[in-house]
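Colleague: Sequence unavailable; structure follows:
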C-alpha cells in the first residue's frame, strides 16, 4: 500500500473520529468533543495518512485518497506527548503507524523536545509491542486511567540521545 502523510485539515475530522471509534473500545475511544479538543489545542498537531489511489499527486481535491490513519501529538517545552495513534485495521502491517510515529517524533525533535511520552491500555498487547519496537520503554502504570476503569502504562522515548548526528 502506498500512502502519504500530511497535516490535518478540518474536513478530515469526522473520518478521524470514525477511525478512532473503530480502533478502540468504549471507554477508551474519544467522544467527538474530546477528539476535537485535542486536535485544536494550540500546542498540538495532527498528522493524517492517506492511501494513494494512483500515481497522481495528492494535491488535487478530485478523487481524494482514503484516510487510513492519523496521529495527534502535543509539543511541550522539553517533552512531547502522543495523544493517540489510530490506523484502520485494513491498513495495519503496511508501516502506516510507523510512518505517522516517525514523522511526529521528527517534528517534536526539531521543535526541541528531548523526549516523548504516551499512554496505552495495559491490555493492548499489540500497541505495547509496536511501541517497544520503536524504542519506547514503560516508565510507570496509572491505575484507572481510562473512563472504563482500565489501567494505563506510560511509555517514554528519548528523542535527542543521538547528539551531533543531525
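Modeller: Received it, and whenever you're ready, just let me know what you need. None of these values were measured; they are calculated from a predicted model.
Colleague: ok, residue 100 touching residue 5?
Modeller: Yes - between residue 100 and residue 5 there is a contact under C-beta atoms under 8 Å: 6.3 Å. Quick note: C-beta positions are derived from backbone N, CA and C, even for glycine.
Colleague: ok, those two, which is more surrounded?
Modeller: residue 100 (26 against 17; other C-beta atoms under 10 Å).
Colleague: how about that one, secondary structure?
Modeller: helix (DSSP: H, G, I helix; E, B strand; the rest coil).
Colleague: Find the nearest non-adjacent residue to it, please.
Modeller: Among residues not flanking residue 100 along the chain, residue 71 sits closest, at 4.1 Å (C-beta to C-beta, 6 or more residues apart in numbering).
Colleague: Any idea what that neighbour is bridged to?
Modeller: residue 47, residue 85 (DSSP bridges).
Colleague: circling back to that earlier point, what's the overlap in contacts for residue 100 and residue 5?
Modeller: 47, 49 (C-beta atoms under 8 Å, 6 or more residues apart in numbering).
Colleague: before we move on, back to that, residues in contact with the residue nearest to residue 100?
Modeller: Per C-beta under 8 Å, 6+ apart, neighbours of residue 71: 46, 47, 82, 84, 85, 86, 100, 101, 103, 104.
Colleague: Identify the residue nearest residue 153 in space, chain neighbours excluded?
Modeller: Spatial nearest neighbour of residue 153, chain neighbours left out: residue 138 (5.1 Å); criterion: C-beta to C-beta, 6+ apart.
Colleague: contacting residues around that neighbour?
Modeller: Taking C-beta under 8 Å, 6+ apart, one finds 128, 153, 154, 155 in contact with residue 138.
Colleague: Straight-line length of stretch 25-45, end to end?
Modeller: Using C-alpha to C-alpha, to the nearest Å, the end-to-end distance of stretch 25-45 comes to 24 Å.
Colleague: hmm, back to that, of the contacts of residue 138, closest to residue 113?
Modeller: Residue 113 lies nearest to residue 155 out of the contacts of residue 138, by C-beta to C-beta, at 15.0 Å.
Colleague: Listing partners with orientation, what would you give for the helix or strand where that closest one lies?
Modeller: Per DSSP states H and E: residue 155 is located in strand 152-158. Using DSSP bridges, the strands paired with strand 152-158 are strand 115-121 (antiparallel), strand 137-142 (antiparallel).
Colleague: list the buried ones in stretch 116-128?
Modeller: 116, 117, 118, 119, 120, 121, 122, 124, 127, 128 (16 or more other C-beta atoms under 10 Å).
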